[in-house]
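1. below: sequence and its predicted model.
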Amino acid sequence: MKTRVLLVPAVAAMLLLAGCAATPSTASTPSTAGSGADLISLIMPDATTSTRWDSQDRPAFEAAIKEIDPNITVLASSASDDAGQLRQAEAALAKGAKVIVMNPITADGAGALVAAAHREGAKVIAYDGLITGSPIDGYVSFGNKKVGELQAQYLADKLPTGSTIAIINGAQTCDSCIAFKVGAHSVIDPLVKSGALKVAYEIDTPGWLVANAQQETEQALTAANDKIDGFLVANDGMAQGVIAALKSRGLEGKVLVTGQDATIAGLQEMLLGNQSMTVYKDMRLEAASSAKLAVSLLRGEKPATTDTVDNGAGKVPSILLDPKTVEKSGIAAIVSDGFVKRSELCVGTAASACNF
């Protein structure tokens, strides 16, 4: 077993996780209902800035649980802030949930939720984003630092020496959000120091919002007189805003743009030549690994994990999966793998580019 130690900086409680907006808490209607020892609670961020939580992660997790044991019920919900997730957890615990699987809104904002669950004898698994400062029972994610490394290395490999880039980070509110930026800078900083790359603009995007990313890109282009060769963008959602700003100046397809999550919108922009790459994280694997871990904890079994991560309150049994760089030439493999459907991808202006 490998041990990985993450240094978790203080995060601002007023900001929100990628995939969440700075709006009052909203809670979704539970997708299924149940009670007692066969109930698992799944709590995700809302879909304000990322549709993956409800459209991909939740159904994949529910399907994985059903395959393991159809008698286990998943109580699924979503919220836009820490308080909303706490209310949902309390409601699930009242119904008898024995395991809570959650993607925290902020890295250090789930302490009350973890304490409430443990008082009731329930286990807590952090999904995709680490819960810090509280003793939790498991963590499943991709190697988030590697995501940033892949994005930065792509630009380093594709751009000539002396090129200028801009960096559009997500809000630095969750552990994975911070790790993306740390990973990117581990590649970019030495190149800047050597003069191989120049950074004309960098910003942390509030709420990971597309509109904010578009405005930031316009500011970056104006400040640099449009002389930017690549945008290191933390995810596909914000890349949409970056591309919109580039289109307004006739620069789409002429500037490298990174992304993450292999969303349909992101893949379509790649087919059209407007987005250069994405970081592919098959959340079906993440959901399935989380489901197996949740069921083992539900049954009182020792979880089968491959790593440990220090979250500031101890070493957490963890499963860390490998993200992958995907360019346009790799989209066919993602379709063949069933991650996205050709019928959903090859529509509109992207249809003519689906020549695979």
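-> It's in. Numbers count the residues shown, from 1 in each chain.

2. for residue 302, what are its contacts?
-> By C-beta atoms under 8 Å, 6 or more residues apart in numbering, the contact set of residue 302 is residue 296. Where you see a C-beta, it was placed from the backbone N, CA and C, and this is true even at glycine.

3. please redo it, this time with the cut-off set to 7 Å
-> By C-beta atoms under 7 Å, 6 or more residues apart in numbering, the contact list for residue 302 is empty.

4. quick one, helices of the stretch 1-150 of the chain?
-> In chain order, the stretch 1-150 of the chain shows helices spanning 52, 58-68, 82-94, 111-119, 144-158, with DSSP state H, counting those that start in this stretch as the criterion.

5. want to try CSV for these, with mean neighbour count as columns?
-> Below are the helices of the stretch 1-150 of the chain laid out as CSV (neighbours: other C-beta atoms under 10 Å):
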stretch, mean neighbour count
helix 52, 22
helix 58-68, 19
helix 82-94, 20
helix 111-119, 18
helix 144-158, 22
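
6. worst average pLDDT in the ones you listed?
-> Comparing mean pLDDT across those, the weakest is helix 52, with a mean of 81.

7. show me what it is in contact with.
-> 261, 263, 283.

8. the second one touches residue 235, doesn't it?
-> No - applying C-beta atoms under 7 Å as the test, residue 263 and residue 235 come out as separate, 8.2 Å apart.

9. the more surrounded of those two?
-> Shown here are residue 263 and residue 235; by other C-beta atoms under 10 Å, residue 235 has more neighbours (30 against 22).

10. any idea how far residue 59 is from residue 305?
-> As defined by C-beta to C-beta, to the nearest Å, residue 59 lies at a distance of 24 Å from residue 305.

11. show me the domain layout of the protein.
-> For the chain, the structural domains run 2-142+283-321, 144-281+325-353, going by automatic domain parsing.

12. rank these by pLDDT, which is bottom?
-> Mean pLDDT across the domains of the chain is lowest at domain 2-142+283-321; the value there is a mean of 83.

13. show me the strands in this protein, by range?
-> Taking DSSP state E as the criterion, the chain contains strands spanning 2-5, 39-45, 73-79, 99-102, 123-127, 138-142, 163-170, 197-205, 230-233, 256-257, 278-280, 307-310, 315-321, 324-326.

14. redo these as TSV? Include mean neighbour count.
-> Listed next are the strands of the chain as TSV, based on neighbours: other C-beta under 10 Å:
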stretch	mean neighbour count
strand 2-5	11
strand 39-45	28
strand 73-79	24
strand 99-102	28
strand 123-127	27
strand 138-142	25
strand 163-170	24
strand 197-205	19
strand 230-233	28
strand 256-257	24
strand 278-280	27
strand 307-310	19
strand 315-321	21
strand 324-326	18
